[in-house]
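Engineer: Need a 3D model of the following:
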Amino acid sequence: MRLILLLFLLLPGWALAGPLPEAAVKRILRDPAGFVAQATRLIAGYGGAGGLSAEGLARHIAIEQAAARAEAWRGLLVADLDGDGAVTGAEADGYLAVLSARGRGGFLLDFTAADADGDGTATPVELRAAAAAAGEQAVPARDSERLGWVLSFDADGDGAVTLAELRRGVAALGGKS
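Structural biologist: Down below sits the predicted model:
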């Protein structure tokens, strides 16, 4: 595999901008069309006219994490019936009564996780911590690293990956996408 990577790096008109781990190449080649589709969404959604940069990728990750934090926060605060910023066990029970079976299970798991000290009330500090944890789970470090693989396809070294560079790069790896 290393010999194949070396040959691809020597192809005229295309080279990896940075080292792409062998595990990354294997993963990309398992589903090159899926990788190109995900990368295309990133490039089109978070890249500029010149392509996706590290800043655009960081913006994507930050937005995904913020959205997950907001959703977790919203899902818990809807049970804050008196608006004091905390969710008591009684408020949680009142909210649980109007949820569907699936909703009850999900809310109970979220509430229990948010009530970190187990005292029956999810305080504002605990709610913020639960929301922050949800944000981290939305795009964990492992996924951030995988998203960063896209930046390795910056063939011209301008700091941004275009769709054309991505497609040429994946094709050169053997993905033909």
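Engineer: next structured bit after whichever helix in the chain runs longest?
Structural biologist: Using DSSP state H to assign secondary structure, the helix with the most residues in the chain is helix 54-77. Once the chain leaves helix 54-77, the next helix or strand it forms, by DSSP states H and E, is strand 87-88.
Engineer: For that following strand, which strands pair with it and how are they oriented?
Structural biologist: strand 121-122 (antiparallel) (DSSP bridges).
Engineer: Give me the mean pLDDT for the strand it pairs with.
Structural biologist: Regarding strand 121-122, the rounded mean pLDDT is 97.
Engineer: Return the distance of that strand from the chain's centre.
Structural biologist: The gap between the average C-alpha position of strand 121-122 and the chain average comes to 28 Å, counting by Cα atoms, centre = their mean, to the nearest Å.
Engineer: Name the residues that touch it?
Structural biologist: Residues outside strand 121-122 that contact it (Cβ atoms under 8 Å, 6 or more residues apart in numbering): 76, 86-89, 92, 111, 114-115, 130. Glycine gets a C-beta too; all of them are placed from N, C-alpha and C.
Engineer: buried subset of these?
Structural biologist: Among the contacts of strand 121-122, those buried by neighbour count (16 or more other Cβ atoms under 10 Å) are 76, 86-88, 92, 111, 114-115, 130.
Engineer: Under the pLDDT cut-off, which ranges of the protein? List them.
Structural biologist: Low-confidence segments of the chain (pLDDT under 70): 1-18, 175-177.
Engineer: let's see it at 90
Structural biologist: Scanning the chain for pLDDT under 90 picks out 1-24, 48-49, 136, 138-147, 173-177.
Engineer: hey, where'd the strands end up in it?
Structural biologist: 52-53, 87-88, 121-122, 160-161 (DSSP state E).
Engineer: What residues sit buried inside the longest helix of the chain?
Structural biologist: Within helix 54-77, the residues scored as buried using 16+ other Cβ under 10 Å are 56-57, 60-61, 64-65, 68-69, 72-73, 75-77.
Engineer: need the contact list for the residue sitting nearest the centre point of the chain.
Structural biologist: Among the residues of the chain, the one closest to the centroid is Val139, at 3.2 Å (Cα atoms, centre = their mean). Listed by Cβ under 8 Å, 6+ apart, the contact set of Val139 reads 61, 64-65, 68, 147.
Engineer: Outside of the longest helix of the chain itself, list whatever touches it.
Structural biologist: The contact list for helix 54-77, computed with Cβ under 8 Å, 6+ apart, reads 42, 45-48, 85, 87, 106-107, 110-111, 114, 122, 127-128, 130-139, 144, 147-148, 150-151, 159-160.
Engineer: rewinding a little: please identify which of the contacts of strand 121-122 is nearest to Glu22.
Structural biologist: Nearest to Glu22 out of the contacts of strand 121-122 is Ala130 (Cβ to Cβ; 37.7 Å).
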